[in-house]
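Trainee: Here is my input; please provide its structure:
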Amino acid sequence: MRLIAAAIIGTGLGGAAFAECALPEPSAPASGWQVIEGEDFAFTAENPAFPGLTVELTMDAPVIPEVLDFVQLDRYGGRVALLQYFSGDPGTSALVTMVRNAVIDLGTGQTLATPLYSADCEQIAWTWFPNHVEVADAAMIERITLPLD
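Mentor: Residues are numbered from 1 along each chain as shown. Okay, here's the model as predicted:
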């Protein structure tokens, strides 16, 4: 594992605090994905194995994203896929490592949503249903409708 975020935070009282979050190395399925920078620091990801598919990547800080994993979900007939990526480490007094999952409809090539997967290495709750997924963080529950064949 490699260290993505490590910050020394001056407390003003002669002390320092460290914020650390180790991110896993990219999986084998992540290796085929290429991150492309567009205008105004917007990013997408493409893979030659999926011609015509462009996945939009939501960012949490001004960094170059890194694809960590890709999986097609058999439960949904292989039509729904997740592209997991490092989306930044925002913060002022401490850096918070953010990882997102792009939820992709492989049938239409549409990026359905890019909710958080983890924040500061704490996994966000994802609950899967036959026709949708709910992603619940401390602030809200996001409901993502999934395609049905």
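Trainee: only C-alpha atoms for contact and neighbour calcs from this point on.
Mentor: Will do.
Trainee: Strands along this protein, start to end?
Mentor: Secondary structure of the chain (DSSP state E): strands at 2-10, 16-23, 34-37, 43-46, 55-57, 66-72, 80-88, 98-105, 110-113, 116-119, 122-123, 125-128, 132-136, 141-145.
Trainee: Got the phi and psi for Pro26?
Mentor: The phi and psi values for Pro26, taken as degrees, to the nearest 10, are phi -60, psi 140.
Trainee: check contacts around it.
Mentor: 67-69 (C-alpha atoms under 8 Å, 6 or more residues apart in numbering).
Trainee: so who does the residue most central in space within the chain touch?
Mentor: With distances taken as C-alpha atoms, centre = their mean, the residue of the chain nearest its centroid is Arg100 (1.7 Å). Arg100 is in contact with 58, 84-87, 114-118, counting by C-alpha under 8 Å, 6+ apart.
Trainee: Lowest-scoring secondary structure element of this protein by mean pLDDT?
Mentor: strand 2-10 (a mean of 31; mean pLDDT, DSSP states H and E).
Trainee: so Gln34 sits right up against Phe43, yeah?
Mentor: No. Gln34 is not in contact with Phe43 according to C-alpha atoms under 8 Å; the separation is 10.3 Å.
Trainee: When those two are compared, which one has more neighbours?
Mentor: Phe43 (18 against 14; other C-alpha atoms under 10 Å).
Trainee: How about the more buried one, nearest residue that isn't a chain neighbour?
Mentor: Glu37 (4.6 Å; C-alpha to C-alpha, 6 or more residues apart in numbering).
Trainee: Next: Leu95.
Mentor: Nearest residue to Leu95, sequence neighbours excluded (C-alpha to C-alpha, 6+ apart): Asp89, at 5.4 Å.
Trainee: Kindly tell me how buried that neighbour is, as a neighbour count.
Mentor: Asp89 is flanked by 23 other residues according to other C-alpha under 10 Å.
Trainee: And for Ala22?
Mentor: The burial count for Ala22: 14, using other C-alpha under 10 Å.
Trainee: and the gap between it and Met98?
Mentor: Ala22 is 11 Å from Met98, where distance means C-alpha to C-alpha, to the nearest Å.
Trainee: which neighbours do those two share?
Mentor: Common neighbours of Ala22 and Met98 (C-alpha under 8 Å, 6+ apart) are Cys121.
Trainee: Where does pLDDT dip in this structure?
Mentor: Residues of the chain meeting the criterion pLDDT under 70: 1-20, 92-94.
Trainee: This completes my enquiry, with thanks.
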